[in-house]
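1. Could you work out the structure for the sequence below:
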Amino acid sequence: MVKKITALCVCMALGSTLVEAKNEAFVGLELGYSKVQGDTYTAGGLVFHNNTIGTDLNYGFRMGAQSGEWRTTFLYSYQDDVDTDQNIEMGLFTVDYFFMGDKSSMLGKIKPYLGGNLGYANYESTKVDDNSAIYGGQAGIVVDMMPNINLDLSYRHSFSGSEQVNHVGGFIFGMNYLY
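-> The predicted structure is shown next:
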C-alpha cells in the first residue's frame, strides 16, 4: 500500500512540472529533528498513554517543481529511534506559497513561505504496525545560494487520525538542486 501511495505522489509531483513552462524542477535531500506524539504505543510489552513516542533525527529526499510564487513537492521522510524501538516513515505531498520575495524583489535570494501537506505515514514499534493518512502545514524560508542550489529551513507539523500517532512536528533543513 505504501508503494502505491508513493508512486501516486511521485506522479503528482512530476506532473506539476508540466503545469507552467516557467517552473523549475528540483531534487533534494533533507535532514531534521522531529518529535512524534501519540495517544498509545507499545514498547517492550508495556503500554504507554499520551507520551512522546520518539524524538530523533529524520532524513529524507524530495522532488518537485517551483515557480516564482508556488512550489509543489513530494517528499519521503524516515525517523528511527533505536533506543525506544520506534520508527515512522512518511510520504508527503506539499504545496507552498512564497508570500514575499520572488527573484525581482528586494529580498531576492530569501523567500519565506507557508504551505500545507497531505500524505501517508507508517509507524512501527514492538507489536505495533500502524498506517494512517496525515495532514498539516509548514512554514519556512528558502535561500538561493547559487543559480541551481537553494537551502530550505522550515518547521513542519502534521496531524494523524491514528490511535497510535497524534502528530509529528519538527525542524527541517533541506538542500535542493534545481534543473
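
2. thought residue 94 was touching residue 134?
-> No - checked against C-beta atoms under 8 Å, the pair residue 94 and residue 134 is beyond contact range at 11.6 Å. Every residue, glycine included, has its C-beta placed from N, CA and C.

3. Averaging pLDDT per element, find the lowest-scoring helix or strand in this structure.
-> The helix or strand of the chain with the poorest confidence is helix 2-15; it has a mean of 52 (mean pLDDT, DSSP states H and E).

4. Following the chain past that helix, name the next helix or strand.
-> strand 24-43 (DSSP states H and E).

5. could I get that following strand in CSV with only the CA atoms?
-> Provided in CSV are the C-alpha atoms of strand 24-43 (Å, rounded to 0.1, in the frame of the first residue of the first chain):
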residue,chain,number,x,y,z
GLU,A,24,11.9,24.8,-12.2
ALA,A,25,12.1,21.1,-11.3
PHE,A,26,14.2,20.1,-8.4
VAL,A,27,15.5,17.2,-6.4
GLY,A,28,16.9,17.4,-2.9
LEU,A,29,17.7,15.9,0.5
GLU,A,30,16.5,16.8,3.9
LEU,A,31,17.7,16.3,7.5
GLY,A,32,15.6,17.2,10.5
TYR,A,33,14.9,16.8,14.2
SER,A,34,11.3,15.7,14.8
LYS,A,35,9.1,14.7,17.7
VAL,A,36,6.3,12.1,17.3
GLN,A,37,3.5,12.4,19.8
GLY,A,38,0.9,9.6,20.4
ASP,A,39,-2.1,8.5,22.4
THR,A,40,-1.0,5.0,22.9
TYR,A,41,2.1,3.0,22.0
THR,A,42,3.7,-0.3,23.0
ALA,A,43,7.3,-0.8,23.8
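
6. residues contacting residue 34?
-> 55, 56, 58, 77, 79, 168, 169, 170, 171, 172 (C-beta atoms under 8 Å, 6 or more residues apart in numbering).

7. out of the residues you listed, which are buried?
-> Buried members of these, scored by 16 or more other C-beta atoms under 10 Å, are 55, 56, 58, 77, 79, 168, 170, 172.

8. Could you measure from residue 37 over to residue 112?
-> 26 Å (C-beta to C-beta, to the nearest Å).

9. ditto for residue 85
-> Using C-beta to C-beta, one obtains 38 Å as the distance from residue 85 to residue 112.

10. Same question for residue 175.
-> Separation of residue 175 from residue 112 (C-beta to C-beta): 18 Å.

11. How about residue 151?
-> In terms of C-beta to C-beta, residue 151 sits 13 Å off from residue 112.

12. And for residue 31?
-> Residue 31 sits 21 Å away from residue 112, going by C-beta to C-beta.

13. same thing with residue 125?
-> Distance of residue 125 to residue 112, given as C-beta to C-beta: 36 Å.

14. Please apply the same query to residue 154.
-> Computed as C-beta to C-beta, the residue 154 to residue 112 distance reads 10 Å.
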